[in-house]
Every structure is written in C-alpha cells, then in structure tokens.
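K.L.:
this is a predicted model, with the sequence first.
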2 protein chains.
Amino acid sequence: MSAALRKADASCGASGRRLTPLRRRVLELVWGSHTPVKAYDLLAALGKERNQAAPPTVYRALDFLLEAGLVHRIASLNAFVGCGEPGLGHSGQFLICTACGTAAELDEPALTRTIAASAERLGFEVRRETIEIAGLCADCRRGGGKDRQ
Amino acid sequence: MSAALRKADASCGASGRRLTPLRRRVLELVWGSHTPVKAYDLLAALGKERNQAAPPTVYRALDFLLEAGLVHRIASLNAFVGCGEPGLGHSGQFLICTACGTAAELDEPALTRTIAASAERLGFEVRRETIEIAGLCADCRRGGGKDRQ
DNA sequence: GAAAACAGGTTAGATGATAACATCAAACAA
DNA sequence: TTGTTTGATGTTATCATCTAACCTGTTTTC
C-alpha cells in the first residue's frame, strides 16, 4: 500500500493537487478496508485518532480523492472504495457481493463499448457510467455464505 | 396514464397485492413527473393534498411500488421513476441527462448479456444490475442546454 | 509583505431513510 | 355474527447521509 500511496502522491503533485496528511489518512483508511467504507465509519475512525472530526472533514477529503480518481463512490451502497488502478480511466464498474460485502472493480472495455453503442443509437453523449452489479461472488457461492442482501 | 394505471391495478390484483388509493396516488405522482422524483418531494406533494404525511407514508408506498415493479429507484440520484414497461423484467438500465434531468429507461439485452459473460468468467452470480449512465441526451446536445452537473 | 487561493475547523441544518408502536379496516374462520 | 388475523396506514422519534455557510490559518503568487 505504501507504494500505491507514493504513486498517488506523485500523481497528485503532477496535477497540482496536494495529498495532505488528512487526505492521505482518509485514503489509507479506504484502502485499508476490504469492503466499501461508509463516510461515517471514516468519520468515527478519524475521530479516534484526531479529536476533531466533523462530517465536512471527511466529505471534503472524499471529494478530493474522488476527483483525483483515487477512490470510487458506490451509489447503491452510499459507500466508498479505493480505486484499483488509479492511473487508468475510472471505469466505475463493480461486482458487489451481497454475502461478504466485497466490491470487485471491473474494467470491461466490452461493457463500455456496448453502452457506448446503445447511447450513440439514441444520440446520448456518455459522461459517466455507474455500473453496480449485486450478487454472489465465487467464494460465497461455494461457501454457501449467508446473504446480507 | 389512466390506462397504465388500470393495467397496474390489474397486475397487482392478480398477484394478491392491493393498489390502494395512497399507493395509487404516489404512483400517479411518480408517473406524472418527467424527471425522477425525490421521496421528500412526494412527501411535500402528499402533504398538500391530505394533511397527514410523514416519511414512512411515502417510503412504504414506494417500497410497495418497487416490489410490484411499477417504479424504479435510481441510486445515483436517490430518486424514483415510473417503470416504462411494468410487465417486463425490470432492466434497471438508465440514461440520465445531467442537463434536463430526464432518465430514459433502457432495455438492452446485449448489455445484460455482456455483464452476464463478465460475471460468469469470474464465477460471480448476478442478482441485480444497477446501470446508470449520466451524460447529455440528444435534445440537450443539440440545444446546448445548460449542464446541471 | 499583501493579495489570492487553498485546506481545514466549526456550527448548523437539509435531505434521505427506518424503527417501533398504535390504530383502523378488510378478509376470513368459527 | 363475532372474534381473529392480516394488512395498510398513522404517529413519533430517531438514525444516517450529505451540504451550506462562515471562520481561521497556511501556502502560493505577485
């Protein structure tokens, strides 16, 4: 993760953005979770480390990280995940397991292409795609894990 | 719309569900809007007609309508739209114009198939797909409409 | 060093959603 | 009919998510 952080730092610096200690800490917390994190969980975590942390603290950091392409927001969960490949275009495609809660980032050009084709046929100009597929991951199918829904 | 309502009513009756006046009214309000509606807008609208309306009133009606497949929820907007073809499977695919706010429902089997293929390759079992493409609709591209986001 | 731009603290509140319990009416069985 | 069950809604309260607005301090830039 520290290598990823250095890369993130460098990429911010290159575009004139600053990965401040606070933002960096929030990024670590997001990356440190194996499932999507809620803003208020981050808030609680920050509240223990620092003794000042109000919602805007977290949301501003998250906004920054979203803009920088370092994290993604999962709309159907109101939660955030670290971006798998920060450098690349943010696909915003996820497979979300309702049993274990993991959100696997997908990057399927075929999917993007299919969408682009549909959109074009209707004269629609795509800006951002939100693709969130809920279901059961391979592990949980095998394990017969309890569904969280 | 009244024809659509009769159909909705019939389809509810067939499955033992009841499209009560309240639920019917909420459905009308949702269908009556040309853009996705927020729960609290519905609440405000109801509050004017009846003089009793608290959040659960609206959310329960919406839950019912969602279950009945008469409306869809758009996660990225926290809003609701009427389902284009209630009888059919709910695709949950939308093209959302950030300029005029309209959400056009899409039903692209190709898209569903592409997703199914990706998921299968990873051993993932798809349960529900949330596909929300934001961008500019054909009209707004031509009109150079102001972007809302 | 002054001005501008940026980061973050702080307070407050808007918006979105649910829990828990009470009431009433429809459906149905005895 | 009467009583019971179920379902729909009312009601109160609260939790969860997110944002506005204003202030302070710290970089940057000129």
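P.N.:
Nice, I can see it.

K.L.:
please make it C-alpha for all contacts and neighbour counts, starting now.
P.N.:
OK.

K.L.:
how far away is the spatially most distant residue from the centre of chain A from chain B?
P.N.:
Most distant residue from the mean C-alpha position of chain A: A:Arg121, 30.0 Å away (C-alpha atoms, centre = their mean). Distance of A:Arg121 to chain B, computed by C-alpha to the nearest C-alpha, to the nearest Å: 10 Å.

K.L.:
try A:Ser15
P.N.:
For A:Ser15, the distance to chain B equals 22 Å [C-alpha to the nearest C-alpha].

K.L.:
what about that residue, how many neighbours?
P.N.:
Other residues within reach of A:Ser15, judged by other C-alpha atoms under 10 Å in any protein chain shown, total 9.

K.L.:
and if you look at A:Val71?
P.N.:
For A:Val71, the neighbour count with other C-alpha under 10 Å is 23.

K.L.:
what mean pLDDT does the strand ranked longest in chain A have?
P.N.:
The residue-count maximum for a strand in chain A (DSSP state E) belongs to strand A:125-136. Taken as a whole, strand A:125-136 has an average pLDDT of 96.

K.L.:
likewise for stretch A:74-94?
P.N.:
For stretch A:74-94, the per-residue pLDDT averages 86.

K.L.:
burial measure for A:Leu62, as a count.
P.N.:
Neighbour count of A:Leu62, defined by other C-alpha under 10 Å: 23.

K.L.:
now the closest residue to A:Arg73 other than its chain neighbours, which residues is it bridged with?
P.N.:
Spatial nearest neighbour of A:Arg73, chain neighbours left out: A:Phe80 (4.5 Å); criterion: C-alpha to C-alpha, 6 or more residues apart in numbering or on different chains. Beta-bridge partners recorded for A:Phe80 (DSSP bridges): A:Val37, A:Arg73.

K.L.:
doesn't A:Val37 make contact with A:Phe80?
P.N.:
Yes: here A:Phe80 reaches A:Val37: they are 5.1 Å apart, a contact under C-alpha atoms under 8 Å.

K.L.:
need the residues touching each of these two.
P.N.:
A:Val30 (C-alpha atoms under 8 Å, 6 or more residues apart in numbering or on different chains).

K.L.:
low-scoring stretches of chain A, by residue?
P.N.:
Applying pLDDT under 70 to chain A flags residues A:1, A:87-90, A:144-149.

K.L.:
change it to 80
P.N.:
The model of chain A has pLDDT under 80 over residues A:1-4, A:11-16, A:84-91, A:143-149.

K.L.:
and the helices in it, which stretches?
P.N.:
A:2-14, A:21-32, A:39-49, A:55-67, A:109-121, A:138-143 (DSSP state H).

K.L.:
what's the neighbour count on the closest residue to A:Gly69 other than its chain neighbours?
P.N.:
In this structure, A:Gly69 finds its nearest non-sequential neighbour in A:Pro86, 5.8 Å apart by C-alpha to C-alpha, 6+ apart. Here the count is done by other C-alpha under 10 Å, and A:Pro86 has 17 residues near it.

K.L.:
swap in A:Ala8?
P.N.:
For A:Ala8, the count of nearby residues is 21 (other C-alpha under 10 Å).

K.L.:
ok, A:Cys140 next?
P.N.:
Neighbours of A:Cys140 using other C-alpha under 10 Å come to 19.

K.L.:
please tell me how far the closest residue to it other than its chain neighbours sits from A:Cys137.
P.N.:
Closest residue in space to A:Cys140, ignoring its immediate chain neighbours: A:Ala99 at 6.5 Å, by C-alpha to C-alpha, 6+ apart. Separation of A:Ala99 from A:Cys137 (C-alpha to C-alpha, to the nearest Å) stands at 8 Å.

K.L.:
do A:Gln52 as well
P.N.:
38 Å.

K.L.:
more neighbours: these two, which one.
P.N.:
Neighbour count, other C-alpha under 10 Å: between A:Gln52 and A:Cys137, A:Cys137 has more, with 26 against 10.

K.L.:
over to the closest residue to the more buried one other than its chain neighbours: give its phi and psi.
P.N.:
Spatial nearest neighbour of A:Cys137, chain neighbours left out: B:Phe124 (4.6 Å); criterion: C-alpha to C-alpha, 6+ apart. When read as degrees, to the nearest 10, the backbone of B:Phe124 gives phi -90, psi 130.

K.L.:
tell me who's in contact with B:Phe124.
P.N.:
So B:Phe124 contacts A:Leu95, A:Gly135, A:Leu136, A:Cys137, A:Ala138, A:Arg141 (C-alpha under 8 Å, 6+ apart).
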